[in-house]
Structures are given as C-alpha cells and as structure tokens.
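Novice: Sequence plus the predicted model coming up.
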Amino acid sequence: MKLANGIDVDSIVPENELEEEIIEDIKAGRTKEVITRCPPEPSGYWHIAHAKAWTIDFDTAIKFGGKTYLRMDDTNPVKEEGEFSDSYMDDLAWLGYKPYKLVFASEAYFDDIYKIAEQMILDGKAYVCELSAEEVSATRGTLTEPGKESPYRNRTPEENLKLFHDMRDGKFADGKATLRAKIDMAHPNMNMRDPVMYRVLRAEHYKLGNKWCIYPMYDFAHPMEDALEGVTYSLCSMEFRDHRPLYDWFIENGWKKPFAPKQREFSRLTIENVLIGKRYLKQLVKEGYVNGWDDPRFPTLVGVRRRGYTANAIKQFVKSTGWGNVLEVTVPYSALEYYVREDLNKIATRAMVVLDPLKVVITNLEKSEEIEIENNPNDENSGKHKAVFGKEIYIEREDFSLNPPPKYNRLVEGGIVRLKGAYIIKCNKAVLDKDGNVDHLECEYLPETKSGEDNSGIKCKGTIHFVSKDNCFKVTIRQFKNLIKEEYKNPAKALSEGTAISEILEPNSLIETTALAENFLKDAKVEDKFQFMRKGYYCVDKDSTKDNLIFNSTISLKDGFKPNK
RNA sequence: AGGGGUGUAGCCAAGUGGUAAGGCACUGGAUUUUGAUUCCAGCAUUCGUAGGUUCAAGUCCUGCCACCCCUGCCA
C-alpha cells in the first residue's frame, strides 16, 4: 500500500505505538498524509528538552514523507515577547529541520476560531459567564466533589451571542466575562467542567497589537488550529493526557467536520544535574551567574551548540530516550555525554595542545624535524597535517612524575616515553628550581625510533603529546564544570523546596587558562571542533579574535586509567 | 472506591501466552604510537506484590501496594 507521495507503507518499520497507529490509519484510509505541527510558544529560549519534542514532531512526519508546520502558539499576549520569537529558526536549522511553513496562530487563525466560537454559541455549546475568576474557581468543585453550575449557564443562544460580541467589542472590563464551554460541571475530569474558551484581556499582542481584547484559551484554540491546518497528529507532552477528552470534545462540537486531528502524548525529558526551568535560567542570566542565554554551561540549544555539542549528538540522545509513557523520564548526564563523544570521535580533527606546559630540552637534537599527525585515525580519508619536532618542546606537566604512582606509563627519570608522531625520548635529568619543583627536563631522543619507521624493537608503554617551541602559539582555554553541583540531581526540585540558587551552583564552573597549541590550529574558525589528543574535545568560541583564539572545552576524553588495578 | 497514567537491572527500554532484546553506566580481558576509539566477555533464575487461570504468565483475571499528573480567565 502506497501513500500519495509514493512511500510504501508496508516498508515502514514502526518504532513506537504512534507509528503503529499511523500505519493503521493509512491502511484504513483515515490518513492520506502525515502532517504534524511544532508549536513552540514564543516566550523563551529552547533547550534540550524542546529538542525532544521537535525531533518527534519532525521525524514522525519525515518518516512518512509528510510535513510539519512551525506554528507560533501565541494566544496569550502577556506571555509572549517578540524578543524571543526569532531564535527558534536558527535552532531548528541547526538541528537540520526545515518547517513546511511558519505560521503565527494569532494572525492565521484567530478570525476562524472566533467564528467557530460563535457557531458553538448558536449550537448551545457555549455561554458567556460573568462569574469572577475567584467565583469560577470556587464553583469548580474539588478532585472528589462535583462543581456547581454557573448561574449564567442557561442563557439563550441569542443572548450569549450578543454578550460574546460585547466581549469582543470591549464592553467588558478585563476579567469580567468569559466564554465557557457547556459540558458538565460534575465531570470527574476537571478539564471538562465548563472550561473557559475565551477571556477578556487588554494587552498589546506582539503581532496583532490591540486588534483583539479577547483571546482564546489553549485548550480551545489548539484543536481548532490543528483542524484548520489539517494536522493529522498533534503531538504534545504527557501532562496534556487529561486534556485529550476536551480536545476531542472541541473537535466534535466545534470543528464538526469529518476530518479529526488526533492528540497523542509523549514523555518529557529531563536530565540529572541540569537546570532547565525557564524562570530559573532567566534568573541566572539576569543575575549574571552566566554570560547570556548562549553560555556554554547552559542547557539551551544555543548554549550546547556553543559548547561544541553537535546537533547529531543531541538528536541521537533524545531519540535514545524513547517515546515514553510516563510524565517525564530522567536520564543521567552521562547518557548525553556518550552521544556527544561518539559523534565528536568521528568528526573532530586531532591536534596537539599542551594545557600545562613543562619544558623539555632534547639535548642530542641538532635541528628541527618535520613530522606528520593524522587528522583522525578513525577516518582514513581525513588526511594528515604537519607538525614539528624541535630541540625545545613542551609536554604536559602531568606526563612526568618524580614519584610515579603504580602503573604510571608516562615519563619518569631514567625512563622512556614515545612522543606522538615523533620519537621515543629518554629522560636523563629533571632540573629542579630553588623550591624543589621541576623546572625543565633534559632528555635525549632515540634516532632510530622515528614514528612509522621504527625498527629498533624498543618497547615503550606510553605515548604522550607535545608541542615544539618553534611550532606553537598561545591560546585561551575555557574549561567548564557542570553548572550545578553534583549532589543536586534534581536542581529544579531543590529550588522549589526553597534552596537558594547560589547554593546549588558549582563555584568556579568556568575557568579560563592558556595553553600552547600547535600552529596547525591557527586557521581554526568559530565552531570548528577538535580533539586535543589525550585531553578532550574543544571548539572555537565566538569570542575569539585574530590575536586570541579561544577554545571551549566541550567534553573530556574518557579516562580508563586505574592506578590501583 | 474522584479521574487519568505508570511499575521489567543503578538509569533508559523492548517484550502483544511459548521460557527476559538492546543501549547507558559499571566490571574483567584483547588490540592500540591518544590510559581515547575498536573488539570480546560479564552484568534480572525473574518483571511492584499476593493469589488465580493455563501444559505454559512479564504478558490474561482478581485483590493489594507504590509513585506521577489533574481543582489558571497559563501553555
């Protein structure tokens, strides 16, 4: 069986219940084309958890050759700010998604939604209620007791229509009237107890200005927007489960046409040790704990992108957490890191950078020699780049030890170690300064051990990286620790329980240092990703200047060194 | 007896009556000119719990327990 776009449904392997349902719908002729919608509310910056929703919205449609509308669900003028409504396009493009069309619900659908409301009034399905917000709340009942019907519930359709027009025409002050759906005040599902469809609200809408003084509520507007747009599957997070009966009620009593969009729900994603609540992130930006919404320590998409995480890693990660069938799934941060390393390992160019230099003099070397470094040993096509082995070089201070721990296979006095891509060297002497610290090393190289041409038979346990004095330059390194202290697995909960935000933050989560990088890195551009061999993955930060290249530490390499085993 | 949802390893998660996939994490070991990568092996005698049906139950039935969501004119 083929879809209109030529895709053979029988060749599609469903990966979750929704996809199974879609296949059934297609086979039964209920669905001709899979259309989804991605509805970010333009009121904040997008983070990793949003990426899960977007991935589901887009990938579900892509899998069936369908399309996805990007829809600004801007039904509340007091929450939405134009300031925030732009970055989603960049984020989406970064993730590799292209919306079929961008629509602003306010501009595109408010008129139609209004007309549907009028018809529902005429059908006796909606009424204008003049109870105050407090009174509505007081008459809603409780979880275990039914609510009371509004005294305005039995007005005639004609009366309701006139009053609704009065609402639209500004004859009611804010909060003085609402349009309510006439369902059932005793319904066990609280959402069905005559929910508000429209409220009177005088606020400047960032798109429509003061065109309206009434705004539809999400529960009413969303199913109507879906229906008007032809969305077949409206995917949202699990907390809307209880709203589904209402969604279906509005489709049946408001939309009334045979085509019915379906709301289906997936689990929200949360990550241990990551603070994701918008209002907290806002506070951190405002109070200067971080340097803006794209701070590399932030879980925002612009943040992780600047940190050096790849779009592919983010997508693979969110997919790995599944569709879910509970409110939210919580996964450890290491699950995310796995996908970041996996992707970077494939694409990052290898380079030698010494973060904490220790000078080494190669006493028996006359002149500098050119060497070659593989750009990526896991990728045959990545090529090599040139580096230099010189008389004066720098190695990582931690790669030499006067008192080596067990199993230490780096340099020790009298010992040997291989310099990556160059020769094996032997340490003859550690020269100490007046405080007893190692000032520099005097080593000799073993000429017959050149990398790739070594027939000496000399066995050497360790290999370390280095840079030569005449082939390196100084760069700035930004090392990050997790913003949130390790012990706060659920920082939002700690905050909601009254813990101060300053208490849960890791002190010194940003440390700026300098390092010596091989000259090869001089041409690096913003967002270029590298593996500093034996250290970790780094990418060029946008703060870099011509004279000061800044690298963000994306993530360290795994360290399997176990001195005690 | 408000309604809805969920219980499978430290975490995520397949499983749709036929004898517990996979991934993360972890632990061994092999390879390695990155202590990375890669590879190989180990990691639930049992699926919240107590019964029941069945030749056979994580899957079906009944009771119980635990956790999550719902009382905005937010989305």
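Specialist: It's in.
Novice: Spit out the contact partners of residue A:267.
Specialist: A:237, A:238, A:321, A:322, A:323, A:324, A:325, A:326, A:327, A:328, A:329 (C-beta atoms under 8 Å, 6 or more residues apart in numbering). Glycine gets a C-beta too; all of them are placed from N, C-alpha and C.
Novice: and those residues, which are buried?
Specialist: Using 16 or more other C-beta atoms under 10 Å as the burial test, the contacts of residue A:267 include A:237, A:238, A:321, A:323, A:324, A:329 as buried.
Novice: got CSV for the contacts of residue A:267, with distance to RNA strand B and pLDDT too?
Specialist: CSV is the format used below for the contacts of residue A:267 (distance: C-beta to the nearest atom of the strand, whole Å; pLDDT from 0 to 100):
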residue, distance to RNA strand B, pLDDT
A:237, 8, 96
A:238, 7, 96
A:321, 4, 95
A:322, 3, 93
A:323, 6, 95
A:324, 4, 93
A:325, 4, 92
A:326, 5, 94
A:327, 4, 95
A:328, 7, 94
A:329, 4, 96
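Novice: May I see those residues organised as a markdown table, with distance to residue A:364 and secondary structure added?
Specialist: Output for the contacts of residue A:267, formatted as a markdown table (distance: C-beta to C-beta, whole Å; DSSP: H, G, I helix; E, B strand; the rest coil):
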| residue | distance to residue A:364 | secondary structure |
| --- | --- | --- |
| A:237 | 67 | strand |
| A:238 | 69 | helix |
| A:321 | 56 | coil |
| A:322 | 60 | coil |
| A:323 | 64 | coil |
| A:324 | 63 | coil |
| A:325 | 68 | coil |
| A:326 | 66 | coil |
| A:327 | 68 | coil |
| A:328 | 63 | strand |
| A:329 | 60 | strand |
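Novice: ok, residue A:250 - contacts?
Specialist: By C-beta under 8 Å, 6+ apart, the residues touching residue A:250 are A:181, A:219, A:220, A:223, A:224.
Novice: any idea where the helices of the stretch 351-500 of chain A begin and end?
Specialist: A:491-496 (DSSP state H, counting those that start in this stretch).
Novice: mind listing the strands for it?
Specialist: A:353-354, A:357-362, A:369-374, A:384-389, A:392-396, A:400-401, A:411-412, A:416-419, A:424-432, A:438-445, A:463-464, A:466-468, A:472-480 (DSSP state E, counting those that start in this stretch).
Novice: tell me the mean pLDDT for the first one?
Specialist: Mean pLDDT, computed over strand A:353-354, is 98.
Novice: isn't residue A:195 right up against residue A:185?
Specialist: No - using C-beta atoms under 8 Å as the test, residue A:195 is too far from residue A:185 to be in contact (10.7 Å).
Novice: circling back to that earlier point, of all the strands of the stretch 351-500 of chain A, which one comes closest to residue A:35?
Specialist: With C-beta to C-beta as the criterion, residue A:35 lies closest to strand A:472-480 of the strands of the stretch 351-500 of chain A, at 40.5 Å.
Novice: can you list the residues of the stretch 301-450 of chain A near RNA strand B?
Specialist: Contact residues (C-beta under 7 Å from any atom of the strand) of the stretch 301-450 of chain A with RNA strand B: A:320-327, A:329-332, A:334-335, A:337-338, A:341-342, A:345, A:350, A:376-378, A:407-410, A:418, A:420-421, A:449-450.
Novice: Show the buried residues in those residues.
Specialist: Here, 16+ other C-beta under 10 Å leaves A:321, A:323-324, A:329, A:337-338, A:341, A:350, A:376, A:408, A:410, A:418, A:420-421, A:449-450 buried among these.
Novice: so which of these comes closest to residue A:57?
Specialist: residue A:323 (12.6 Å).
Novice: So the closest one is in contact with residue A:18, correct?
Specialist: Yes - between residue A:323 and residue A:18 there is a contact under C-beta under 8 Å: 6.9 Å.
Novice: which neighbours do those two share?
Specialist: Joint contacts of residue A:323 and residue A:18 (C-beta under 8 Å, 6+ apart) are residue A:266.
Novice: mind giving me the domain split of chain A?
Specialist: Following automatic domain parsing, one finds the domains of chain A at A:1-108+A:217-266, A:111-216, A:271-349+A:474-555, A:358-465.
Novice: Out of these, which is closest to residue A:562?
Specialist: domain A:358-465 (7.6 Å).
Novice: Get me the contact residues on the stretch 451-565 of chain A for RNA strand B.
Specialist: Counting by C-beta under 7 Å from any atom of the strand, the stretch 451-565 of chain A sits next to RNA strand B at A:451-452, A:454, A:462-465, A:531, A:533-534, A:557-562, A:565.
Novice: please redo it, this time with the cut-off set to 6 Å
Specialist: A:451-452, A:454, A:462-463, A:531, A:533-534, A:557-561, A:565 (C-beta under 6 Å from any atom of the strand).
Novice: May I ask which of those residues has the most neighbours?
Specialist: Scoring those on neighbours with other C-beta atoms under 10 Å, the highest-scoring entry is residue A:531 at 22 neighbours.
Novice: How about the contacts made by that residue?
Specialist: A:344, A:345, A:348, A:349, A:350, A:351, A:537, A:538, A:557.
Novice: If we use 10 Å, what do you get?
Specialist: Going by C-beta atoms under 10 Å, 6 or more residues apart in numbering, residue A:531 touches A:341, A:344-345, A:347-351, A:353, A:375-376, A:537-538, A:554, A:557.
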